[in-house]
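S.K.: Pasted the sequence and its predicted model underneath.
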Amino acid sequence: MRKNLSFDKSNLVKDIHFQKILLPLRVIAGLSALIFAFNFCYEIFVSYNSSSYQKWALSFATFAMSVWAFIEVLNIARSMTSTLVDTLRYLLAAQTAFLSLRIVLAFFFETSGEQEWQLFTRMDVGWRWIFLTIYSALFIAIIDSIIRLFSLNEKNKAQALESQMLASLNALAKARDNETGNHIIRTQLYVKNLALRLRRMGYYESELSDKVINLLYKAAPLHDIGKVGIPDHILLKPGRLSEDEWEIMKTHTTIGEAVLSSAGNEFHDEDGVIAKALKIAGGHHEKWDGSGYPRGLSGIDIPLAARIMSVADIYDALVSERVYKKGWTHKEAIQEIIRHQDTYFDPLVVEAFIAEQDHFQEIAEQFKDE
C-alpha cells in the first residue's frame, strides 16, 4: 500500500512571517532618508530664516516621521525576534529622543532672547556641527541595521524554502519506500554517530565539520528517494526479486541522483544538503572493492557520505525484520559487517562502527518497528 504524502507547514508559516517584515523595513529606510535630509536642511534653514515659522513645521514633520519609523520597527518586533531588531529599535528611539531635545532646545533659544537666538543660528558655532555629526551617525547606523535585517531575512527565507523542499522530498521518499518511518530515524542517527566517531578517532577530520555532519544527518532520509521510479510490482514484492527485477531495482540509485540533481539546480545547492543527499543516493550501494553499483567505484573514489551511509543502511537492513526474512541479531550483524570490512566497506568507517556498536544497538531498540 502506498503511504500518504504529508508536508510540514511550519516552514511555510515561517516564510510568511519573514515576508511581513519587508514592507516595514522599506518604510523605515525611506523615512530615515527623509529624516536625515530634513534634519540637515533644518540646520541650514534656521541659519538664514531664524524668524520663519517654516522651521517649526519642518521640525514637527521630522518628529512625526521619527515616531512613524519607531512604530514600524515595533511591528517588525512582533513578527521577528532578533538582536538586529532590538538594535534598530534603540537607534530609532534615540533618533526620536534626540529630535525632541533638538525641538526643545530650539524653542528655548528662540524664546529666551534675540542674542541667544542669534548665537544658536550661527553656522560658525562649533557645537552646531555636533548635531550634524549625530544625524549622520544615526542615519548610517539605522541604514546598516536595515541592510543587515534584509540580509538576515533573505537567509532565513532561503533556509525556510530549503526546509520545505526537504520536507516535500522526504514525504515523497516515504510514500514510495517499502521501509518504515523508523528506518529513516534510525539511519539518520547511525550516520550522525558514525561521522562523529570518525572525527573523534582522527579520521577525515577536515571533511567532517559540524556543518557537514549536520548536512549528512538531514540528507540521510533521501538515500532511497530513487525508489519513486521503481514499479510497484517490484518495489512492493514480498519475496526475492528475479535477476531482471533486481537490475531494475538497482536503477533507484541513478533515479535518485536525477531527482536530487534537478532539485539542487533549482535551488542552486552546490555544497548543501541536496548536494550531500545526491552523493549518498548515488553511491551508498558502491563497494570498497569496486563490486558495487551503479558505477563500480572503489576506495576513496566513493564519496565519504555514501561510505558512511552504506554501513548505516546495511546494519539497519540486517537487524530489521521484513516480510521475506527475520531480523538478524545485533551480534550477527556486527560480524557480517566486520567480515566485509576490506571488501564492501571503508575499513575506517567499520572501525568507527565497531566503536559505536553499543549506540547502534540502543538506537535499534529505541526505534524498533512495531
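M.R.: Arrived safely, thanks for sending.
S.K.: from here on, contacts and neighbour counts on C-alpha atoms
M.R.: OK.
S.K.: Can you list the residue ranges for strands in the chain?
M.R.: When secondary structure is read from DSSP state E, the chain shows no strands.
S.K.: Tell me where the model's unsure across it.
M.R.: Scanning the chain with the threshold set as pLDDT under 70 gives 1-19, 45-52, 109-128, 153-165, 168, 172-181, 264-270, 323-324, 370.
S.K.: do that again at 80, thanks
M.R.: 1-22, 42-56, 79-82, 102-132, 150-181, 238-239, 262-271, 322-325, 369-370 (pLDDT under 80).
S.K.: and the gap between the nearest residue to residue 75 once chain neighbours are set aside and residue 66?
M.R.: Closest residue to residue 75 apart from its sequence neighbours, by CA to CA, 6 or more residues apart in numbering: residue 24 at 7.7 Å. For residue 24, the distance to residue 66 equals 13 Å [CA to CA, to the nearest Å].
S.K.: neighbour count winner among those two?
M.R.: residue 66 (25 against 18; other CA atoms under 10 Å).
S.K.: That one contacts residue 96, doesn't it?
M.R.: Yes - counting by CA atoms under 8 Å, residue 66 touches residue 96, with 5.5 Å between them.
S.K.: just the helices in the stretch 51-200 of the chain please.
M.R.: 54-79, 83-112, 114-121, 126-175, 181-200 (DSSP state H, counting those that start in this stretch).
S.K.: Highest mean neighbour count out of those?
M.R.: The highest average neighbour count among the helices of the stretch 51-200 of the chain, using mean count of other CA atoms under 10 Å, belongs to helix 181-200 at a mean of 21.
S.K.: Show me the contact partners of that helix.
M.R.: If you take CA atoms under 8 Å, 6 or more residues apart in numbering as the criterion, helix 181-200 is touched by 174, 204-205, 208, 213-214, 216-218, 220-221, 308-309, 312-313, 316, 348-349, 352-353, 355-356, 359-360, 363-364, 367-369.
S.K.: same question, stretch 347-362
M.R.: Contacts of stretch 347-362 (CA under 8 Å, 6+ apart): 190, 193-194, 197-198, 201, 203, 307-308, 311, 330, 334, 337-338, 341.
S.K.: now do stretch 68-86
M.R.: Stretch 68-86 is contacted from outside by 17-18, 20-21, 24-25, 27-28, 31-32, 88-89, 92-93, 145, 148-149, using CA under 8 Å, 6+ apart.
S.K.: how about 6 Å then?
M.R.: Stretch 68-86 has contacts (CA atoms under 6 Å, 6 or more residues apart in numbering) with 17, 21, 24, 28, 92.
S.K.: which residue sits closest to the second one, ignoring its sequence neighbours?
M.R.: Of all residues not flanking residue 21 in the chain, residue 76 sits nearest, at 5.5 Å (CA to CA, 6+ apart).
S.K.: I'd like to know how far that neighbour sits from residue 85.
M.R.: Note on residue 76: its distance to residue 85, by CA to CA, is 7 Å.
S.K.: Also residue 352?
M.R.: 45 Å.
S.K.: thinking again about what came up before, right, so of the helices of the stretch 51-200 of the chain, which gets closest to residue 255?
M.R.: Counting by CA to CA, residue 255 lies closest to helix 126-175 out of these; the figure is 12.0 Å.
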